[in-house]
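# Sequence and predicted structure, then a few things I'm wondering about:
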Amino acid sequence: MNSNVTSVKLVLLGEAAVGKSSIVLRFVSNDFSENKEPTIGAAFLTQRVNIDDHTVKFEIWDTAGQERFASLAPMYYRNAQAALVVYDVSKPQSFIKARHWVKELQERASSDIIIALAGNKVDIVEDGGERKVATEEGQKLADEEGLLFFETSAKTGQNVNEVFLAIGEKIPIKKPNEHANNANADGSNDNNRVDITSSDNNAAAVSGCNC
Amino acid sequence: MDQETLDTEYDVIVLGTGLTECILSGLLSVDGKKVLHIDKQDHYGGEAASLNLSQLYAKLKDGQISKEERENKFGKDRDWSVDLIPKFLMANGELTNILVHTDVTRYVDFKQISGSYVFKNGKIYKVPANEMEAISSPLMGIFEKRRMKKFLEWIANYKEDEIKTHQGLDLDKNTMDEVYYKFGLGNSTKEFIGHAMALWTNDDYINQPARPTFERILLYSQSVARYGKSPYLYPLYGLGELPQGFARLSAIYGGTYMLDTPIDEVEYTDDKKFKAVKTKLGTFTAPLVIADPTYFPDKCRPSGQKVIRAICVLDHPISGTADADSLQIIIPQSQVGRKNDIYVAVVSDAHNICAKGHYLAIVSTIIETDTPSLELDAAFKLLGNIEEKFINVVELYEPVEDGSKDNIYISKSYDASSHFESMTDDVKDIYFRVTGHPLVLKPRDTQEE
């Protein structure tokens, strides 16, 4: 089961109420709930996608609201190999904020992080609602900054799987002889690493969680 | 941002994002309390933060280095994460238990510290971590080793309700000195047991009842047995990951975080109980507040101890340690004519806390003279060439009252010990005073995966 599985830490960013959690819920459970409460109680969600003959396992980190008063910890960006920056196509302010998050990621995250930009809530437009951020604007930002770009709807599911597939395709495939362990960006040795949740004694160099 | 939805009423307000405060925030949030957590500084960790080099220069050297010079010498700022307070986790200690209990382990990776060393007659020796090392260790003669073995067997086999395992000793009545006497242990072995295993920083324990020392030795032995090289664990990216991990736990359970938000004013009710804090983001009320001592200086007193911590950047491993990537050195007080032990905590790029090829050694002790830097000389000599040295002298504070009168619950400063056991005692104590019930941790063995 562990052969050819690449674990990827993916962080979510974007203004409150743009649908970050809804996109993840759609991706992970193929579900949507209309008046969702702000995110409470989920450490991170995981979902696997199959790409050709290997599997990418996304470990999706939610901001848990810590972005609200500029209080995201460095830990959040640590070893993130992918980021999904979300805005709401009906809220120009959220697009401005998305630019800010892309800049923040370039400063604080690893230099080879794969960033995808998602203009969410396109269903509103299809229902006759007013679009305030043109597709071209999103595409332009993505082109300038080298981002993947999709317009999505967590409500209908449009393009949600596609975003994660596109990210997964850009993740370097792990060689089969590397054991399934946490991301270790600098490739430093795993000597002395321990799993403190294990109750076994003498568990030197245990691999990461097997959730 | 959508500040219109910002609540102004909370169950608990927590001030300062030190480890003590963040653990409490996490635990209380999981309990269902609505927590607002504020820090006047723009980073997590409070007094126990891990800083990058530019932050460190700004804090401890008035920023005395140009960016070019710093980068030439030490590389990228973001590669550095330097602990202000040097400590390791005991592998079987209470902080480890709390991490497992709360699942904060999923945010932080740990490594073993490669070895613990003790200073004797001018040289350092590895504290044996297993029987093989014990047999070959030059620290004791062959007969003393046998006596030591008997002593450790007594500890390992001791069962509270099986009187014959006590071998005639009463942990609450007999002093530790009487225990040493019973096993015929010499002064040098007493020093080893008391300082390198029980981790006492001075000799006050000798004439006190044996139980606390017994428990410390048991904790040490069980911690060594757990992973095999030393009793200590250390988080990748530095100790600052710990408060961040618990803050994330709190946030996931609904906790609200505001960094870089100084407290403009504390408001009190007519009967002088805590009422609210006023900040640039608004006034927030709660029935009680938990804070580190820096937020309520007039409600704290000096504990009587001052600690010096010298953060030394090295470009080489410590000689005599087989190039260990991490270690602790204990210099017992009697070896250098002092009252308090000197500790050296070494970590390196293997822990992602400094640029490649560097080592960080933090030397610390409780100050005894007017020239604290000189007190650390014996330790500096063990380090060889020091690339850069940051000296931090701090006074330790504790709250004057227990918080029951004014609903202000204040934590203690981080002490001079080499581990987190006194910090977790403080956490449990505050948790009890705030909630009225003790903190019950689920046992590690029944943990579901």
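Looks like it came in fine.

# near chain A, which residues of the stretch 101-250 of chain B?
Proximity of the stretch 101-250 of chain B to chain A, by C-beta under 8 Å from any C-beta of the partner chain, involves residues B:103, B:105-112, B:114, B:225-229, B:233, B:237, B:240-241, B:244-245, B:247-249. Heads up, the C-betas are built off the backbone N, CA and C, glycines and all.

# Kindly export the longest strand anywhere in chain B (C-alpha atoms) in PDB.
Longest strand of chain B, by residue count under DSSP state E: strand B:300-314. The C-alpha trace of strand B:300-314 is given here as PDB (Å, rounded to 0.1, in the frame of the first residue of the first chain):
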ATOM      1  CA  CYS B 300       4.800  39.100  40.400                       C
ATOM      2  CA  ARG B 301       7.800  38.900  42.600                       C
ATOM      3  CA  PRO B 302      11.400  37.800  41.800                       C
ATOM      4  CA  SER B 303      11.800  34.100  42.700                       C
ATOM      5  CA  GLY B 304      15.300  35.000  44.000                       C
ATOM      6  CA  GLN B 305      17.100  33.400  41.000                       C
ATOM      7  CA  LYS B 306      18.800  35.000  38.100                       C
ATOM      8  CA  VAL B 307      19.800  32.900  35.200                       C
ATOM      9  CA  ILE B 308      22.500  33.500  32.600                       C
ATOM     10  CA  ARG B 309      22.100  31.900  29.200                       C
ATOM     11  CA  ALA B 310      25.000  32.300  26.700                       C
ATOM     12  CA  ILE B 311      24.000  31.300  23.200                       C
ATOM     13  CA  CYS B 312      27.200  30.300  21.300                       C
ATOM     14  CA  VAL B 313      27.300  29.700  17.600                       C
ATOM     15  CA  LEU B 314      30.000  27.200  16.700                       C
END
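
# so how many other residues sit close to residue B:130?
With neighbours defined by other C-beta atoms under 10 Å in any protein chain shown, the count for residue B:130 comes to 12.

# State the distance from the closest residue to it other than its chain neighbours to residue B:131.
Counting by C-beta to C-beta, 6 or more residues apart in numbering or on different chains, residue B:228 is the residue found nearest to residue B:130 once chain neighbours are left out, at 6.9 Å. Look at residue B:228 and residue B:131: by C-beta to C-beta, to the nearest Å, they are 12 Å apart.

# again with residue A:32
Distance of residue A:32 to residue B:131, given as C-beta to C-beta: 60 Å.

# more neighbours, the two?
Set residue A:32 next to residue B:131 and count neighbours by other C-beta under 10 Å: residue A:32 wins out with 18 against 10.

# Work out for me the element that one sits within.
Take DSSP states H and E as the rule and residue A:32 turns out to sit in neither a helix nor a strand.

# Please report the distance of it from residue B:235.
Remark: distance between residue A:32 and residue B:235 (C-beta to C-beta) = 37 Å.

# What residues does residue 147 make contact with?
Assuming you mean chain A. Residues in contact with residue A:147 (C-beta atoms under 8 Å, 6 or more residues apart in numbering or on different chains) are A:85, A:102, A:115, A:116, A:117, A:141.

# Please refer instead to chain B.
The contact partners of residue B:147, taken as C-beta under 8 Å, 6+ apart, are B:183, B:184, B:185, B:189.

# switch the cut-off to 6 Å
By C-beta atoms under 6 Å, 6 or more residues apart in numbering or on different chains, the contact set of residue B:147 is B:183, B:184, B:185.

# out of everything not next to it in sequence, what's closest to the last one?
If you skip the residues right next to it in sequence, residue B:185 has residue B:147 as its closest partner in space, 5.7 Å away by C-beta to C-beta, 6+ apart.

# What does residue 58 show for phi and psi?
You didn't say which chain, so I picked chain A. Backbone dihedrals for residue A:58, given as degrees, to the nearest 10, come out at phi -80, psi 130.

# oops, I was thinking of chain B
Dihedral angles (degrees, to the nearest 10) for residue B:58: phi -60, psi -40.

# got the CA positions of stretch B:67-83 in PDB?
C-alpha atoms of stretch B:67-83 as PDB (Å, rounded to 0.1, in the frame of the first residue of the first chain):
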ATOM      1  CA  LYS B  67      22.800  42.200   6.900                       C
ATOM      2  CA  GLU B  68      25.700  41.500   4.500                       C
ATOM      3  CA  GLU B  69      28.100  40.600   7.200                       C
ATOM      4  CA  ARG B  70      25.500  38.400   8.900                       C
ATOM      5  CA  GLU B  71      24.700  36.500   5.700                       C
ATOM      6  CA  ASN B  72      28.300  36.100   4.800                       C
ATOM      7  CA  LYS B  73      29.000  34.500   8.100                       C
ATOM      8  CA  PHE B  74      25.900  32.600   8.800                       C
ATOM      9  CA  GLY B  75      23.900  32.300   5.600                       C
ATOM     10  CA  LYS B  76      20.100  32.800   5.300                       C
ATOM     11  CA  ASP B  77      18.200  34.200   8.200                       C
ATOM     12  CA  ARG B  78      15.400  31.800   7.700                       C
ATOM     13  CA  ASP B  79      17.700  28.800   8.300                       C
ATOM     14  CA  TRP B  80      18.100  29.900  11.900                       C
ATOM     15  CA  SER B  81      15.800  29.100  14.800                       C
ATOM     16  CA  VAL B  82      17.600  29.800  18.000                       C
ATOM     17  CA  ASP B  83      16.000  28.900  21.300                       C
END
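
# Could I get the buried residue list for that stretch?
Within stretch B:67-83, the residues scored as buried using 16 or more other C-beta atoms under 10 Å in any protein chain shown are B:70, B:74, B:75, B:77, B:79, B:80, B:81, B:82, B:83.

# can you check stretch B:304-323 too?
Within stretch B:304-323, the residues that qualify as buried are B:305-314, B:317-318, B:321, counting by 16+ other C-beta under 10 Å.

# Including distance to chain A, could the residues you listed go into a markdown table?
Shown next, in a markdown table, are the buried residues of stretch B:304-323 (distance: C-beta to the nearest C-beta, whole Å):
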| residue | distance to chain A |
| --- | --- |
| B:305 | 30 |
| B:306 | 30 |
| B:307 | 26 |
| B:308 | 28 |
| B:309 | 22 |
| B:310 | 25 |
| B:311 | 19 |
| B:312 | 22 |
| B:313 | 19 |
| B:314 | 18 |
| B:317 | 14 |
| B:318 | 16 |
| B:321 | 14 |
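
# would you turn those residues into CSV with pLDDT?
Output for the buried residues of stretch B:304-323, formatted as CSV (pLDDT from 0 to 100):
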residue, pLDDT
B:305, 94
B:306, 97
B:307, 97
B:308, 97
B:309, 97
B:310, 97
B:311, 97
B:312, 98
B:313, 97
B:314, 97
B:317, 97
B:318, 97
B:321, 95
